[in-house]
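Trainee: model the structure of this input:
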Amino acid sequence: MSVILRNSPHRYGVVALSLHWLIAVLIVGMLILGTVMVDLTPGSSLQFQLYQLHKSFGITILALSLARLGWRLANPAPPLPNDLQPWERFLARVTHVSFYVLMIGMPLTGWMVVSASVWNVPTVLFGTIHLPHLPILSTLENKKPVEDVLKEIHESAAWVVIALLVLHVAGALKHHLVLKDDVLTRMLPGRDLIRRSE
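Mentor: Model (predicted):
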């Protein structure tokens, strides 16, 4: 038996499928973690630990998203059903492109916030790897206005991610329950991802 790694015209392969679900779980976890940590006592030990965890998983999402984008460029996604309306195709395209922009852009803006922070707190990924601050932002003379703008962008992007998640899930459910096509099932784990050798 062998695992089907690459995408086919009918479904996603194991690599795309694994990256999709791993990133999805991490993003939902990050949204929850981000909401919790900002409401904690400023400067507390728990808040510091959660911020470090948030940054660690943020960089993990960045790395996985770049890998996913590279894989997507090398392995085209299965085509959408032929009976979709042009506006549905357009909406699907915009949603997917927006997800990629945010999956890469949000960790970058988070890194920028940390680099421009007046607190100058070092980032240690999972307590092991030191992530340097971005040079231009970390050496600014007046960091506070820049930090405030970047924070606003980062937090606003989180709300856009939530809206896209709702739209994405609603679209997948519509395909499965209303249109009754294979758009959802081709992104779900299944036995057809295992090829039996003769």
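Trainee: the residue nearest the centre of the chain: what's its closest spatial neighbour, skipping adjacent residues?
Mentor: Central residue of the chain (CA atoms, centre = their mean): residue 103, 3.7 Å from the mean position. Closest residue to residue 103 apart from its sequence neighbours, by CB to CB, 6 or more residues apart in numbering: residue 65 at 3.8 Å. C-betas here are computed from N, CA, C, even on glycine.
Trainee: returning to that earlier point: before we move on, which element is the residue nearest to the centre of the chain in?
Mentor: Counting by DSSP states H and E, the element that carries residue 103 is helix 86-116.
Trainee: what of residue 73?
Mentor: In this structure, residue 73 sits in helix 45-74 according to DSSP H and E.
Trainee: for that helix, what is the average pLDDT?
Mentor: Helix 45-74 shows a mean pLDDT of 96.
Trainee: repeat that for stretch 165-176.
Mentor: Rounded mean pLDDT across stretch 165-176 is 93.
Trainee: what about it, distance to the chain center?
Mentor: On the basis of CA atoms, centre = their mean, to the nearest Å, stretch 165-176 sits 17 Å off its chain's mean C-alpha point.
Trainee: buried residues, stretch 31-41. List them.
Mentor: 33, 34, 37 (16 or more other CB atoms under 10 Å).
Trainee: over to stretch 86-97?
Mentor: Using 16+ other CB under 10 Å as the test for burial, stretch 86-97 gives 88, 92.
Trainee: gap between that stretch and the chain center?
Mentor: Averaging C-alpha positions (CA atoms, centre = their mean) puts stretch 86-97 18 Å from its chain's average.
Trainee: okay, that stretch in PDB with CA atoms only?
Mentor: Extracted C-alpha coordinates of stretch 86-97, given in PDB (Å, rounded to 0.1, in the frame of the first residue of the first chain):
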ATOM      1  CA  PRO A  86     -19.500  32.500 -12.200                       C
ATOM      2  CA  TRP A  87     -20.100  34.500  -9.000                       C
ATOM      3  CA  GLU A  88     -19.700  31.300  -7.000                       C
ATOM      4  CA  ARG A  89     -16.400  30.600  -8.600                       C
ATOM      5  CA  PHE A  90     -15.300  34.200  -8.100                       C
ATOM      6  CA  LEU A  91     -16.300  34.100  -4.400                       C
ATOM      7  CA  ALA A  92     -14.400  30.800  -3.900                       C
ATOM      8  CA  ARG A  93     -11.300  32.300  -5.600                       C
ATOM      9  CA  VAL A  94     -11.400  35.500  -3.500                       C
ATOM     10  CA  THR A  95     -11.900  33.500  -0.300                       C
ATOM     11  CA  HIS A  96      -9.000  31.200  -0.900                       C
ATOM     12  CA  VAL A  97      -6.600  34.000  -2.000                       C
END
